[in-house]
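Asks: give the three-dimensional model of this entry:
(one chain, ligands or ions: 1)
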Amino acid sequence: GFQDLQPFGSSPCRGELPGLLVNEIGGIHGILHGHVALLKKHFYLITMKEFLENRKHMSKKVQAIYLWWHKPIIDRELLQSLPNLKVIANSGVGMDHLDLKLVASFGVKMANAPYAVSSSTADTGMALLLASARRLVEGYHVAISPGMEYCEADLLGVEVTGATLGIIGMGSIGYKIALRAKAFEMNILYHNRTRRKEQEEQAVGATYCEKIDSLLQQADFVMVVVSLTPQTHKLIGKREMELMKPTATLINISRGAVVDQEALVTALQTGVIRAAALDVTYPEPLPRDHTLLKLKNVIITPHLGIKTDKTTYMITEEAVENILAALNGLPIPSEVLPS
Ligand SMILES: O=C(O)C(=O)CO
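Replies: Predicted coordinates:
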């Protein structure tokens, strides 16, 4: 379009582009510099700092918000101060940090980014599964300990090939995990609110378990991939861990609060389950003295599920697509409705 013909990004009619509020550019909670050109092509970017410095002028300009790592925080006060806000796009799939009903009550649409995140998050799930099965982190510590004889290191792991994987939550990420697990010759069970089509099940060789309990009893690896909602809060608690095999490993790449963390600590300390690999905890980060950080049979990563250069860029592309659809009154490809 017309914007593409403008040399060097900042076009003369920049002010006429719809205003997009972002927390900041760069920094811990800021959108990445590499994404700015794409955003500026379609929007007039307003950072929270600029907004707060010139609230009266800026508040009318904002038509959309792009949330990056849950920032800016969306509360009633912010929503009330943005009369022209139409849509909030989230830089990820999980929407548990947003009060969906509150946002919807302002007539503001919401979107997430399920397509962009699915491959890299599935990769993270498999990476944690493999690392835990084969004790890679413990092995790394042996390798960097001076003078440690390799044969003295007791690093017998568990076999992945032929093992049973239970996937809880068969959305776009869960399905990509199944695809990957198939290549590792795993037996795949899954539980989901709605059963997948038969062809989809067959394509990855996955068997549906209507009851989570039967999945838990059979699986050697349990991978948690559901979104956090009131229904999934502490879905995996003491009872569920006790149903699991003592040789089983729990992998969580969804949200920390889907697993009862106190129960998990006990289960890991008392051999109720073999090990856990967690990309998510509560809180994040865990306090330095948290027991989970001291157990040998736990791997923890700092919520890096989506963190690749390609995926983060695709997230911004998906957000742009969703926002433009909303501003043009078209169906929003990844609209999220309050339940
Ligand atoms: O996509 C998500 O929900 C993530 O956790 C990444 O931020």
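Asks: quick one: residues contacting the residue of the stretch 101-250 of the chain found nearest the ligand.
Replies: For the stretch 101-250 of the chain and the ligand, the shortest gap (Cβ to the nearest ligand atom) falls at residue 117, measuring 4.5 Å. No exception for glycine: its C-beta is placed from N, CA and C like everyone else's. Contacts of residue 117 were listed using Cβ atoms under 8 Å, 6 or more residues apart in numbering, and they are 92, 93, 173, 305, 306, 311, 315.
Asks: the residues you listed: which ones sit near the ligand?
Replies: On the criterion Cβ under 6 Å from any ligand atom, 92, 93, 305, 306 are the entries of the contacts of residue 117 that sit beside the ligand.
Asks: contact partners for the closest residue in space to residue 122 that isn't next to it in sequence?
Replies: Nearest residue to residue 122 in three dimensions, chain neighbours excluded: residue 176, at 3.5 Å (Cβ to Cβ, 6 or more residues apart in numbering). Contacts were defined as Cβ under 8 Å, 6+ apart; by that measure residue 176 touches 118, 119, 121, 122.
Asks: and the ones next to the ligand among the contacts of residue 117, which two are the farthest apart?
Replies: Put simply, by Cβ to Cβ the two of those set farthest apart are 93 and 305, 9.6 Å from each other.
Asks: intersection of neighbour lists for these two?
Replies: Taking Cβ under 8 Å, 6+ apart as the contact rule, the neighbours common to residue 93 and residue 305 are 117, 121.
Asks: can you give me the strands for the stretch 151-300 of the chain?
Replies: Taking DSSP state E, counting those that start in this stretch as the criterion, the stretch 151-300 of the chain carries its strands at 164-168, 187-191, 206-208, 221-224, 249-252, 275-278, 298-300.
Asks: can you give me the buried ones in the last one?
Replies: Okay, so that is strand 298-300. By neighbour count with 16 or more other Cβ atoms under 10 Å, strand 298-300 contains the buried residues 298, 299, 300.
Asks: excluding covalently adjacent residues, which one is nearest to the second one?
Replies: The shortest distance from residue 299 to any non-neighbouring residue, by Cβ to Cβ, 6+ apart, is to residue 277 (4.3 Å).
Asks: please apply the same query to residue 142.
Replies: Of all residues apart from its sequence neighbours, residue 153 sits closest to residue 142 (Cβ to Cβ, 6+ apart), at 4.3 Å.
Asks: for the one you found, which residues are in contact?
Replies: Contact partners of residue 153, counting by Cβ under 8 Å, 6+ apart, are 138, 139, 142.
Asks: who wins on neighbours among those residues?
Replies: residue 138 (18 neighbours; other Cβ atoms under 10 Å).
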